[in-house]
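Asks: fold the following.
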Amino acid sequence: MTVKKNTSQAVASAEKVQKAQKVKKAKRAEKAEKAEKAEKAEKVQKVQKVQKTEKTIKLKPLKNLKQTKASAVLNKKSSGEKKSDADKTLGLDKKITNREFKLLLKPEGLDRRSRIMQLSSLLVAFCQKSRVEFFHLDNANTGLRNVFFYDTPGEHFRRNNLILRVRESRQNVWVDDWCEVTLKCRAHTLKDSLHYSPKSAVPHKVRLRLKEEILRGDGLGTARMIYSNNAILDTVPVDSIFDRTLQSVIGFFPDLKKLEAAPELPVQIVGGRTNKVLEACLPLGNLVFGDGVQAHCDVGIWMRSVGDPIIGELAYSYRVNDENRGNIQAHKKADKFFKQLQLAIGDWLASGTTKTALVYGRPE
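Replies: From the prediction side, this is the model:
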C-alpha cells in the first residue's frame, strides 16, 4: 500500500511540474511575440519618419534651395578669402628656405672678448624675460676668414641687385687653399630676387638658399625685409676662382649672361685688393621659438685688421621646411623677439642696413 501511495504521489508531482513548465513556456512565447511586434512597430515608425523627411525635402520650394546654395557658395568664398589674407600676412612663401634676422652693432670695443661676453649676458637675460629658450654654447670657437667682393668697374652686379662674394677661411695667419664663393640676387621683393638664377655650372658642391632677411627698419623696434636668392659653392680652389673677366664669372654662373655688359669686361675686388675684410665669427647659442623653429645665433665682427673693428652684426637664423612652415606662432614669436631685442640693446646698435652696403659705400 505504501509503495502504491508513493507512486501516485510521484505521478501527481510530475504532472504538476509538467503543467508549470507548459505555463512558463506559454508566457515566454507570449513575451517574445510582444517583443517582436514592438520591434516591427519601431521599424515601421522609422521608415515613416524617413519617408516624411524625404517628402518634406522634395516639397521644399526651389527658391529656398537656390538661396541655400548661394549662401553656401558665399560662405565658402568668404572663408577662402580670409584664408588667403591670412596666408598673405602670416604665411611664408613655399620658396623660402631660410629666415635670417640681422642687427648691425657699433664697432667700439668689439675686438675685446669681454665686450662680447657682456652682449651675450644681455641676450640671455632678454631671452629669460621674453620666455624664449636659449641654449648657450660655452666652448664655441671663433672662426676667422677673409671676405671680399667682386664687381665690374661700372658695378654691373650691384646695379642689378647681384652680389658676388668670396670667403677665404683662415687658421691663425694662414689662409686655406679652398674658399667659399657665393652669388646672390638680393632685392626688396621676392619676385625681383628671382630675376637671376644663381645656379652654378661648375662641378663644385653647391647649396641653394632663398632667404628672407629681416633687418632693422628706420627706428628702434622696427623691421623690414629683403630677399636673397643664393648659390653657395663650398670648396673652390683659391687659385682658380676667376680669371678676372666677366666671361669667366659667367662660366661659373651662366645666368649672368643676361647682364647687358661686354663679356671681356674686367672683374675686380670692390675697393681694390686692400679692401679685403677680416671677419671673426663667434657662435653664441641656439634660440627656440617653437616646435621645429630653432635659430642659430652668432656675432660677426668685420675688421680692417686685427684690433681694428669697423662694424659688427648680431644675427640669428633658422631653416624653413615643410614641417615648420605652417608654425605661424613660432615665426611671429621670432619677429616679435627681433623688434623687442632692439629696444633692449639699443645702445649697442649701429645705423645702416647690411655689412655689404659698407663695402660699396651706399645702402641696399
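
Asks: per-residue confidence for Leu183?
Replies: For Leu183, the model assigns a pLDDT of 96.

Asks: how about Asn160, phi and psi?
Replies: The phi/psi pair for Asn160 (degrees, to the nearest 10) reads phi -110, psi 30.

Asks: and it, what does it touch?
Replies: Neighbouring residues of Asn160 by Cβ atoms under 8 Å, 6 or more residues apart in numbering: 195-196, 259. C-beta coordinates here come from the backbone N, C-alpha and C atoms, glycine included.

Asks: and it, how far from Phe289?
Replies: For Asn160, the distance to Phe289 equals 34 Å [Cβ to Cβ, to the nearest Å].

Asks: circling back: out of the contacts of Asn160, who's the most crowded?
Replies: In terms of neighbours by other Cβ atoms under 10 Å, the contacts of Asn160 top out with Tyr196 at 21 neighbours.

Asks: I'd say that residue and Lys257 touch.
Replies: No. Counting by Cβ atoms under 8 Å, Tyr196 stays clear of Lys257, with 10.2 Å between them.

Asks: give me the distance between Glu212 and Cys297.
Replies: For Glu212, the distance to Cys297 - Cβ to Cβ - is 17 Å.

Asks: shaky segments in this structure?
Replies: 1-25, 39-91, 242, 364 (pLDDT under 70).

Asks: quick one, strands of it?
Replies: In the chain, the strands defined using DSSP state E lie at 98-105, 133-136, 143-151, 162-171, 174-187, 206-216, 223-237, 268-269, 277-290, 293-303, 309-319.

Asks: those strands: which one's closest to Arg28?
Replies: strand 277-290 (67.1 Å; Cβ to Cβ).

Asks: for the closest one, list every residue counted as buried.
Replies: 277-282, 284-290 (16 or more other Cβ atoms under 10 Å).

Asks: can you list the strands that it pairs with?
Replies: The strands beside strand 277-290 in its sheet (DSSP bridges) come out as strand 133-136 (antiparallel), strand 143-151 (antiparallel), strand 293-303 (antiparallel).

Asks: dump the contacts of Asn160 to CSV, plus distance to Val132.
Replies: Listed next are the contacts of Asn160 as CSV, based on distance: Cβ to Cβ, whole Å:
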residue, distance to Val132
His195, 36
Tyr196, 36
Leu259, 43
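
Asks: among those, which one sits closest to Lys336?
Replies: For the contacts of Asn160, the nearest to Lys336 is His195 (31.6 Å; Cβ to Cβ).

Asks: so the closest one makes contact with Thr189?
Replies: No. Using Cβ under 8 Å, His195 is not in contact with Thr189; the gap is 9.9 Å.

Asks: how about the spatially most central residue of the chain: what's its closest non-neighbour residue?
Replies: Among the residues of the chain, the one closest to the centroid is Val320, at 3.0 Å (Cα atoms, centre = their mean). The shortest distance from Val320 to any non-neighbouring residue, by Cβ to Cβ, 6 or more residues apart in numbering, is to Ile96 (5.2 Å).

Asks: distance of that neighbour from Asn324?
Replies: Distance from Ile96 to Asn324, by Cβ to Cβ: 11 Å.
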